[in-house]
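1. generate coordinates for the sequence data below:
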Amino acid sequence: MIVDIATGVCLITGSFFALTAGVGILRMPDFYSRAHPAGKSDTLAQILIMMGLLLQALEHEIFGPHVGIKLLLVSVFLLMTGPTAVHAITKAAHVEGLKIWRRRG
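-> Numbers count the residues shown, from 1 in each chain. Below you'll find the model as predicted:
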């Protein structure tokens, strides 16, 4: 029962962060501002959703313990590569000369 509640909290919170990341990407004015919700909120959402799945995999063990290990490895991979990829993309945009959005007036 407690694991199911913790799983629900992780999945709902992860879904909330994924939704806010999507809204942030749509609402921000320029590339650099859009990269922030894409890199931070999306990574947090993925980790929370994976944690919820990991809790269910460890409690039920339907497919054996290797499923939990795979979910943990995917979570670590996402945690390391998500922000790094966003940083590399924004640095490449800066090197190419993409200007920061400025409000006129």
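
2. residue closest to the middle of this structure?
-> Centroid-nearest residue in the chain: T43, 1.9 Å away (criterion: CA atoms, centre = their mean).

3. ok, so what distance separates it from T7?
-> Between T43 and T7 the distance is 20 Å, computed by CB to CB, to the nearest Å. Every C-beta, even on glycine, is put in place using the N, C-alpha and C of the backbone.

4. so the residue nearest to the centre of the chain touches G82, yeah?
-> Yes - counting by CB atoms under 8 Å, T43 touches G82, with 3.9 Å between them.

5. quick one: list the elements packing against the helix or strand of the chain with the lowest mean pLDDT.
-> Lowest mean confidence among the helices and strands of the chain (mean pLDDT, DSSP states H and E): helix 31-39, at a mean of 87. In terms of contacts (3 or more CB pairs under 8 Å, 6 or more residues apart in numbering; DSSP states H and E), helix 31-39 is packed against helix 2-27, helix 66-95.

6. I'd like to know which elements the longest one is packed against.
-> Put plainly, it is helix 66-95. Under the contact rule (3+ CB pairs under 8 Å, 6+ apart), helix 66-95 is packed against helix 31-39, helix 41-60.

7. what would those helices look like in TSV with distance to R103?
-> Shown next, in TSV, are these (distance: least, CB to CB, whole Å):
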stretch	distance to R103
helix 31-39	12
helix 41-60	24
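
8. now, of those helices, which is deepest in the fold?
-> helix 41-60 (a mean of 19; mean count of other CB atoms under 10 Å).

9. angle of it against helix 66-95?
-> 170 degrees (axes from the mean of the first three to the mean of the last three CA atoms, to 10 degrees).

10. give the rounded mean pLDDT of helix 41-60.
-> Per-residue pLDDT values over helix 41-60 give a mean of 89.
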